[in-house]
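Enquirer: fold the following, please.
(4 chains)
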Amino acid sequence: MTLLTTELPKPEPHRAVLLWRRFARNRAALLGLVIFVVVLIMAATAGLIEPTDPLRRAGVPLTKPFVDWATPLGTDQLGRDILASLFYGARISLLVGVLATLLSIGIGVVIGAVSGYFGGWIDDVLMRTTEAFQTIPNFVLLLALVAILGSSIEYITVAIAIVSWTAPARMVRAEFMSLRGREFVDAARNLGVSNTAIIFREILPNALPPIVVYASVIMALSILLESALAFLGLGDPNHASWGNMIGQGRAVLRSDWYCAAIPGTAIILTVLSFSLLGEGLNDALNPRQKK
Amino acid sequence: MIQKKVALRASLGSAALCALSVMTTGAASAEDAPKHGGTAIIHMASEQRALNPALRASTGVYNITGKIMEPLIDKSYDGYEPVLATEWSTSDDGKHITVKLREGVKWHDGEPFTCADVSFSAMELWKKLLNYSSTLQQNLDSVDCTDDFTAVFNYSKPMPLSLFVAAMPDLGHPVAKHLYEGTDILKNPYNTAPVGTGPFKFVEYERGQYVMAERNPDYWRGEEFPYLDRIVWRFIRDKSAAAAALESGEVHESGFNGVSMSDIERLSKDERFEVGTMGYENNVAHSTVEFNHRNPIMADLKVRQAMYHGLDIDYAIKTIMRGFAKPGRGPVPSAGGANYTDQVTTYDYDPELAMKMLDEAGYPVKDDGFRFHLRHRPAPWGEYTQLWGEYYAQAMREIGIDVEILTNDAPGFLNGVYRDYDFDTANGWHQFRSDPAVSTMVWLRSGAPAGTPWSNQFGWQSDEMDTMIDEAQAELDPEKRAADYHAIQAKSMDEIPVIFAIEHPFISVTSTKLKNHHNTPRWNSSSWYDLWLDE
Amino acid sequence: MTLHLPPILTYALRRLVQAVPVIVLIMIGTFLLLKLAPGDTVDALVGDMGGADAAYIARLRTEYGLDQPVWVQLWLYMVKLVQFDFGWSFVYEESVATILLERLGTTLMLMATSLSIAFTVGCFLGAFAARRAYSLTDNVISTVGLVFYATPSFFLSLMMILLFSVQLGWLPVGGIKTVAGFYTGWDHVVDVARHLIMPTAALSLIYLSFYLRLMRASVLEVADLDFVRTARAKGAGETRLMVHHIMRNALLPVITLLGMQFSTVLGGSVVVETIFSLPGLGQLAYQSVIQRDMNMLMGIIFLCAIIVVVVNFLTDLLYARLDSRIELA
Amino acid sequence: MNGNTPVLEIKGLRIALPKGADRPYALDGLDLTVNPGEIVCLVGESGSGKSLTAGAIMRLLPEPHVHVADGAIRFEGEDLLALSEARMKAIRGDRIAQIFQEPMTALNPQKSVGWQLDEVLRLHTELGKSDRKARVIEMLERVKIPDPASAYNAYPHQISGGQRQRVMIAMALSLSPRLIIADEPTTALDVTTQLEILRLIRELQEQDGAGVLFITHDFGVVAEIADKVAVLCKGELVEQGPAQQILNRPQHSYTQALIAAIPALTPPAPRDFTGAPVVLEAKGLVKTFAARGGMFSGKRKAVKAVSDLSFVLRRGETLGVVGESGSGKTTVSRIVTRLLESDTGSVTVEGTDLLACSPRELRRMRQYIQMVFQDPMASLNPRKRVEALIAQGPIVHGVDPKEARERARKLLELVELSPAAASRFPHEFSGGQRQRIGIARALAMEPRVIVADEPVSALDVSVQAQVLKLLGDLRDRLDLSLLFVTHDLRVAAQLCDRLIVMQKGEIVETGVTAEIFADPQHPYTRKLLDSIPGRGWTPPVIRPDAA
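Expert: Here you go, the predicted model:
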């Protein structure tokens, strides 16, 4: 029996392996992953399996699903192929979701990090601004932004990001406030590391896990917000987005319910998958000390 | 069943000088004796805030205030019908129009209705504040009251009587002088709580919810009228919810395409409802495609013709309007009566021809698969304007023209098209208001102040057209006037400054419990004194 | 001489002072934002009317002061606002304050019921799920909650209308009361309640899962804390643990978020109010943006800011009441 | 000892750990007996399984992950493992009571002290409300809480750490349990408080005659309180016997090693530094903190953490700063390294006043004064590999990255770690190893001064000794000066040439370590020395041949 402490324990398996193990323990999260992968495949193969322009007239308007194999899921009011739109819609929805999330998290991280790290009047100014943004009902702000910028998909994405950054900013700020007092930050300062490097190289990587988890929430919200805009007729009609499909399918909801129900289900499943993924990521990245 | 006969029995063009019998047509059969009582609940898709037709000329406003405030003259299927006016005539030079007023009419507050009210309304509201009317009445110098019930309209330039009469149902609502004189007219409280002479008295306006009016016991047509105790206009913005409200019996009528086309089609097969376009003959609109002629490609007539050939109008009518429409034949709709003609150039759907014409015009398909790219602004006027815009884009792509759609809300659209000219093509609608002179010719005539919506802001200018329009407007002889308008129509179909692609009346869904409905060409705007409820 | 106020008043005053710059920022921001948007309220008005001629349009612009430079308009507005004059809505032809007052009741009723249902049921289910963490029950509760969260609110609302109004005929399609029903007293209350059932349910179902997940996580965290172990070692049973030891501590972080949720829910109610034709602030805000009804939107945002400040203040009080570590001294 | 039936009898207890743990059983075959009136100390380092023993007795293991696999636990003859949950609930808090380590977290922050004490009575007695209150007040008196009536209404955060632990004891003892399980009850407390609490437990236990199972890692505490000692090592019982025997004549090599690792209370022979150059001079340091007031009062009270502190540190010298929590010793270490801005004063290193430096100058000056932190886990960025951690400083100061990494590997050897450690993350190491990495990081900068803030207090005793030795060795080899902040006088005695004793931000005494230990001048210093647990016991000198 030895008391010497210099011997190293067995090396641990790779971080990714550990993360995967913790993630996979959550069965619901696995389901979320499966749905997510399916959506991903749909987005990636849009145009391969369904080589047509989704906005093109592909058949007799309002063909029911499973009637004509040229348009397996039927057509909408303008004779557009619902299957093709569904695939292209996956691409648009993911694009909106991912870009809006990256953008809002980006803004949130910079503001939250600066605010939380420096504190004082900088924090005051930034947090008052954040509060101002939070006080305006986000959907109303979104409508105003879309009214200003117009309804192109790029602007919708930017607008969604602009109304979504406050929560991550507060979150990052809280993380930074708690992390900036940690000894490893003092250690870095003591080594003469600059503030910028401390913020981005030392603290940020440690503040990321909850943000990554929250990113799934923003992804989900982005898709819901886009669809709500489309519902109010403010979607981008140049692209087949699920929101647009529901927005237009709603007019024929009672007679041709599938026009809205198919993209509706797609949205529900996708948003659900993001939420489930988020829970799984939470388990993987922020393991609770359960014995 | 789907498409009810579009009744067009109005004898337009000549002024009816005598009162016509109060005969009604419509769905009610003769043997049903009208019942008194009941509350009719009417769906409104958008909320009307200002309830003064002498301040805001819009069908939405008439829809409610038509029951409370009456115009001097209304329109029936048999022609123009006296309401608050009983007779009208013009001087030989066309500069003085004499209107005899109905005696014994009282405002809802008990004050008598006299010429003073008409004179005040005409000078202070119709001429100064009311949209379209202020242009129409710009040459009105004064209104003289020779006695309490005779008003003489004095114009500095000749005013065709037929134009005057045709405008009156919409632009001829007097307000009570004693309630408006000496006040800030725009902020007068009676603008949202109207006082009129009509069969129903205003009760309350619950903003965001409904407007309610109740029976006027002192109505001038006699104790018999009106039949209903009450009318409520309910604001339901969402079309699906409105359809549900009709089906659950919470609403009796939805007009102006208040429910979606698919629901209209569905409910037309439902025994509980009558669906049709009757009663809108005076409220026809065109779905348009507007070009920005500042773009050299759009300025090329051959391109515009090719694009017209690329539009499958019949398909659009079938899929988007579900058959409740017909192809447009220029700026005047078939509901325009004598002023309408179908002897014009037409452009059949022929994509092959369209592509050939585009090739010839010097726009071959390029490497990216398109001939050229257009930025298109669709008007946000609801379901089928939007679909029409998307169909247009779809159709243009088929003939090799790439169309990028820029969606905006209403102010954004109006600004983008009519003020900033930031568009290549746009689609919206043109509303026909009884006479081409009221709001149609501004689509073709040059010289409208920049930024005026629904006017020629398209950069298209033709001196010949301008002259033709001015002459038609000043022409006093109805027949010559009609011929002038036929010529304008033909020219506009040749040169296509704007495509008046589809003419569609509005469609209403009415519960069979309502009787005597849709019995005038502007029924939703009329007074409903004879409407009754069979419950 | 110093003024001695009760601590709670001092605190309220301090919060108010802190809120002023935020509100000013919001007001100026909103004003400029709407000014950036293409078109103005006159465009919207004539759009609504279906047309107007040039002279009419020009006259309206002058009338509404829209022909003045933006900074002048902003200055005039702010000067009025300081006197609590919200101005006139050209769209409604009514003073903004009147309309806001009319709408506030409906919105507060909708929000208060939806939020309290979402909060109560969410917390209860969250705690319930946490006690059975990782079991089938837990998975089912969490997933069903998430499905509601994932459903676009308009989709959920439309489905409810189809089911409960059209198919079953149980509930009215929309509105806040039966028109021309002329109910009074208790009947009126029942009538309004029946109209609010679906919109409330739609809103609360969506926000329920938010509280559910939060509460579940919070309970799991608190359940691991030392004092729970202490209570167990004292011989306390599971129910007692939950009620006396875990719940109160677990609720604290959830309550903090309750205040922040208000404006989010107000945004979310835009769609729900539109579908159910409820005359609330959400729909009004949407309309004001579309109509460029500057004064109205500014009024709504101002009101919203005030409500958020008040709600946050109340949650702080509630928090202080619940958290013994915070002293009112 | 008087009882015939033991209060507690554990036979062959085996506690299974979940799959994937470092060993299959947390406890493997524990036999233990506690008689009435007897205090049995269960001693072991972290991870030895001592706390799980308590959990098993209370039947509060985090089942099913961790569960009793085998063995018997008899409480006054009754097999606890066979009882129904309802019966067990009745026993908990009534006949078996437990005292926990962290008095702050072990009390419900949302309930008043009185309520929490009352709860025990409510659960286990039929007493009426006023009777219960009287009983609670009585208990508060028994644990010597001043003003029991106001303590009754107080919330846990409103009373001091020592009082909270008294409340915990009152709670445990209020029904005169037969068995008290005390799980490290004094570890989180200051020395002076620790002694008081230990005395209290002893006193109350003697009055009631209960059996006590006292779990600790500290042999000093054992010496202070134990009747009998059982030593655990990685789940196995290595030795058991009367306290005197184990303390003075340990048989098992592990026990011997543990005891050998306890720092002796004999300071090193004084060394003379009068001729050595001054490397750091602190003058007139003052630091005032604005303490947060209540939520509803904007006022903030000012708390003086350090008032007018001056000292010098010479080359090769180790200056100890000792004091209890709140004495301001940690503040000193942070001001000196300028991690915290001082209100006034100067800290001169290499002829430059650190406190007056511009940010740019400061970054350059940092290389001369480095720090070793208290919590080795918290002070190493968990997202960085060891190599990067050590090389970071030199790279920031302009050393070629490749060279810096090479030097990092050499430094690992210097702190006796395998170079293979370079590519790992901090969490893959034990506490002692992490602290070695922390030291390596400080050394990488080739500083003149190392400020060590409680560098060993988070470590097990055996590890502590090794790290202290390493620090001492390195100091001598590299001619470093150490500013050594600690609350533990045993540790201070080990390494420090001179001491500064602090109380409430002020220096109460300063001098050569050996002199202070031999003849403390200030009453506070005297009290501190008197409170060192097990100060009456001199650990036997054992040749460390067993390693």
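Enquirer: next one: the residue nearest to D:Leu80 when sequence neighbours are not counted relative to chain A, how far apart?
Expert: Leaving out its chain neighbours, the residue that sits closest to D:Leu80 by CB to CB, 6 or more residues apart in numbering or on different chains is D:Ile73, at 4.6 Å. C-beta coordinates here come from the backbone N, C-alpha and C atoms, glycine included. To chain A, D:Ile73 is 20 Å away according to CB to the nearest CB, to the nearest Å.
Enquirer: can you list contacts of the helix or strand containing D:Ile73?
Expert: When elements are assigned from DSSP states H and E, D:Ile73 belongs to strand D:67-75. Applying CB atoms under 8 Å, 6 or more residues apart in numbering or on different chains, the external contacts of strand D:67-75 come out as D:6-16, D:25, D:29-30, D:56-57, D:61, D:79-81, D:91, D:95-96, D:178-179.
Enquirer: neighbouring strands of that strand in the sheet, and parallel or not?
Expert: On the basis of DSSP bridges, the sheet neighbours of strand D:67-75 come out as strand D:8-16 (antiparallel), strand D:78-79 (antiparallel).
Enquirer: how about the strand or helix carrying B:Glu404: buried residues?
Expert: Using DSSP H and E, B:Glu404 sits within strand B:401-405. By neighbour count on 16 or more other CB atoms under 10 Å in any protein chain shown, the buried set for strand B:401-405 is B:401-403, B:405.
Enquirer: and if you look at stretch A:171-179?
Expert: Buried residues in stretch A:171-179, counting neighbours by 16+ other CB under 10 Å, are found at A:171-173, A:175-176, A:179.
Enquirer: within range of chain B, give me the residues from the stretch 1-150 of chain C.
Expert: Residues of the stretch 1-150 of chain C lying close to chain B (CB under 8 Å from any CB of the partner chain) are C:37-41, C:43-44, C:46-59, C:63, C:88, C:91-94, C:99, C:102-103.
Enquirer: now the helices for the stretch 251-400 of chain B?
Expert: Using DSSP state H, counting those that start in this stretch, the helices of the stretch 251-400 of chain B run over B:261-267, B:296-299, B:301-310, B:313-319, B:351-360, B:383-398.
Enquirer: turn those helices into CSV, columns for mean pLDDT, distance to A:Lys10 and mean neighbour count.
Expert: Shown next, in CSV, are the helices of the stretch 251-400 of chain B (pLDDT from 0 to 100; distance: least, CB to CB, whole Å; neighbours: other CB atoms under 10 Å in any protein chain shown):
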stretch, mean pLDDT, distance to A:Lys10, mean neighbour count
helix B:261-267, 88, 67, 22
helix B:296-299, 94, 73, 16
helix B:301-310, 95, 73, 21
helix B:313-319, 91, 69, 19
helix B:351-360, 95, 73, 17
helix B:383-398, 90, 63, 22
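Enquirer: list the contacts for C:Lys35?
Expert: The contact partners of C:Lys35, by CB under 8 Å, 6+ apart, come to C:70, C:73, C:294.
Enquirer: for D:Glu78, that is, sorry about that
Expert: Residues near D:Glu78 by CB under 8 Å, 6+ apart: none.
Enquirer: can you rerun that using 10 Å?
Expert: D:Glu78 makes contact with D:5, D:87, D:91, D:95, according to CB atoms under 10 Å, 6 or more residues apart in numbering or on different chains.
Enquirer: next one: B:Lys128
Expert: By CB under 10 Å, 6+ apart, the residues touching B:Lys128 are B:122, B:134, B:137, B:185, C:55-56, C:59.
Enquirer: chain neighbours aside, what residue packs nearest to D:Gly37?
Expert: Excluding its sequence neighbours, the residue lying closest to D:Gly37 (CB to CB, 6+ apart) is D:Gly209, at 4.6 Å.
Enquirer: next one: D:Arg434
Expert: The spatial neighbour of D:Arg434 that comes closest, neighbours along the chain excluded (CB to CB, 6+ apart), is D:Pro376 at 3.5 Å.
Enquirer: gap between stretch A:272-284 and the chain center?
Expert: Centroid displacement of stretch A:272-284 relative to its chain, using CA atoms, centre = their mean, to the nearest Å, is 11 Å.
Enquirer: how about that stretch and chain D, any contact?
Expert: No. Stretch A:272-284 does not reach chain D (CB under 10 Å from any CB of the partner chain); its nearest approach is 15.2 Å.
Enquirer: buried stuff in that stretch?
Expert: Of the residues in stretch A:272-284, A:272-284 count as buried by neighbour count, 16+ other CB under 10 Å.
Enquirer: for the residue lying farthest from the centre of chain D, what are its contacts?
Expert: Distance to the chain centre peaks in chain D at D:Gly128, reaching 41.2 Å (criterion: CA atoms, centre = their mean). By CB under 10 Å, 6+ apart, the residues touching D:Gly128 are D:Ala134.
Enquirer: how about the closest residue to chain D within the stretch 251-400 of chain B, nearest residue that isn't a chain neighbour?
Expert: Nearest to chain D in the stretch 251-400 of chain B, going by CB to the nearest CB, is B:Asp368, at a distance of 47.2 Å. With CB to CB, 6+ apart as the criterion, B:Asp368 has its nearest non-adjacent residue at 7.8 Å, and that residue is B:Asp402.
Enquirer: show the pLDDT at the most far-flung residue of chain B relative to its centre.
Expert: Relative to the C-alpha centroid of chain B, counting by CA atoms, centre = their mean, B:Asp367 is the outermost residue, at 45.4 Å. Looking at B:Asp367, its pLDDT reads 90.
Enquirer: how much space between it and B:Arg375?
Expert: 20 Å (CB to CB, to the nearest Å).
Enquirer: then C:Val79?
Expert: 41 Å.
Enquirer: what about the two, which has more around it?
Expert: B:Arg375 (17 against 10; other CB atoms under 10 Å in any protein chain shown).
Enquirer: which one of the buried residues of stretch A:171-179 sits closest to C:Pro253?
Expert: Nearest to C:Pro253 among the buried residues of stretch A:171-179: A:Met171, at 12.9 Å, using CB to CB.
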